[in-house]
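Novice: sequence and predicted structure, then a few things I'm wondering about:
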Amino acid sequence: MDWDSVRVFLALAREGSLTAAGLRLNVSHPTVARRIKALEAQIGARLFDRLPDRFALTPAGEELLADAEAMERAAESIDRRSAGLAETIHGTVRLSAGEGMISFIARHLPRLRHNLQCIEFELVESHMLANLSRREADLMIREQMPDLASIVARRIGRAAYAVYGVPGLMPDDESPEALRRMPWVGMDDDHLYMPGQSWLRALLDGERPAVRVNHWLVLQQSARAGTGLAVLPCYLGDSDAGLVRIGGILPDVAADHWLLVHRDLRALPRIRAVMDALVRLFQEERSLLEGRI
């Protein structure tokens, strides 16, 4: 069976519409319809019921789904293993991280690439876990270590957090009462899991800050504009000449950073080289990350 036809079948089964499946595969929806029709003719069975609002798998389609997913996993494995057989350091490495960390990486790209000019870097900003099995990214830096047998993780650093504001917006002292009287900028309700946000809500007796965002760099710029105080990772706050730290490091707020790679790719020369460069960078910038500069 043609793997391209199986990919189209899987996309339509998961998306439920020709348009969405086409967008997922970067093809037109008539192409999706044509490939599905050809696959049904080849198999001799109808795979989808055409409902008014979606395409739904028929019993024959349900039977095919498990084998198609196994075929997909095999294709992904071949892709990863064939990449891992390469002996050259040349190529592209795609790195995914949250916006604050990807900004930190971008500031240090000249140092990272100093001896790696033969490698092309792609930096992807995302809070979501990229699917390393499908090579949506080659490497990830995350604050949580996923419990996946196919992923190899290494702790590369720990980030401290503190309160920052502009010089013209300083509390009378560093007591909780004085801080509580100040204007604040924080994360919105969907991002309360971000480090420091529970501390801030507790300081404000459960109240929400008057200005809320969903992005670390927007939070940093809002604080720099004088909108209010903000809890920021020290590698962002201490590097910003427009901000000053108020008080010390928040003792109960910190985040470990993990470097994640698929086990089939960790020995690939270009992946190994970038991993080693990232580990060195985090070691050299440990004082900044831990707020000890």
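Specialist: Sure, I can see it. All values derive from a computational prediction rather than experimental measurement. Residues are numbered from 1 along each chain as shown.

Novice: mind listing what the residue nearest to the spatial centre of the chain touches?
Specialist: The centroid of the chain falls nearest to Ser126 when counting by Cα atoms, centre = their mean (3.4 Å). The neighbourhood of Ser126, defined by Cβ atoms under 8 Å, 6 or more residues apart in numbering, consists of Ser96, Ala97, Gly98. Placement of C-beta: from N, CA and C, glycine included.

Novice: just the pLDDT for the second one.
Specialist: To tie it back to what came earlier, the one meant is Ala97. Looking at Ala97, its pLDDT is 94.

Novice: Ile78 versus that one, what's the distance?
Specialist: Taking Cβ to Cβ, to the nearest Å as the measure, Ala97 falls 27 Å from Ile78.

Novice: between the two, which has more neighbouring residues?
Specialist: For Ala97 and Ile78, the more surrounded residue by other Cβ atoms under 10 Å is Ala97, and the numbers stand at 25 against 10.

Novice: and the more buried one, what does it touch?
Specialist: Ala97 neighbours (Cβ under 8 Å, 6+ apart): Ile105, Leu123, Val124, Glu125, Ser126, Met140, Ile141, Arg142.

Novice: counting neighbours, which of the residues you listed comes out on top?
Specialist: Most surrounded of these: other Cβ under 10 Å gives Met140, at 25 neighbours.

Novice: in which helix or strand does that one reside?
Specialist: strand 139-142 (DSSP states H and E).

Novice: from the rest of the structure, what touches that strand?
Specialist: 93-98, 101, 105, 129-130, 132, 156, 257-261, 271, 274-275, 278.

Novice: can you list the buried residues in the helix or strand following that strand?
Specialist: With elements assigned by DSSP H and E, the helix or strand that comes after strand 139-142 is strand 151-165. Neighbour-count burial for strand 151-165, counted by 16 or more other Cβ atoms under 10 Å, picks out Ile151, Val152, Ala153, Ile156, Gly157, Ala159, Ala160, Tyr161, Ala162, Val163, Tyr164, Gly165.

Novice: that older thread, just the ones of the contacts of Ser126 in strands?
Specialist: Ser96, Ala97 (DSSP state E).

Novice: distance to Ala68 added to the contacts of Ser126, as TSV?
Specialist: Shown next, in TSV, are the contacts of Ser126 (distance: Cβ to Cβ, whole Å):
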residue	distance to Ala68
Ser96	27
Ala97	32
Gly98	33
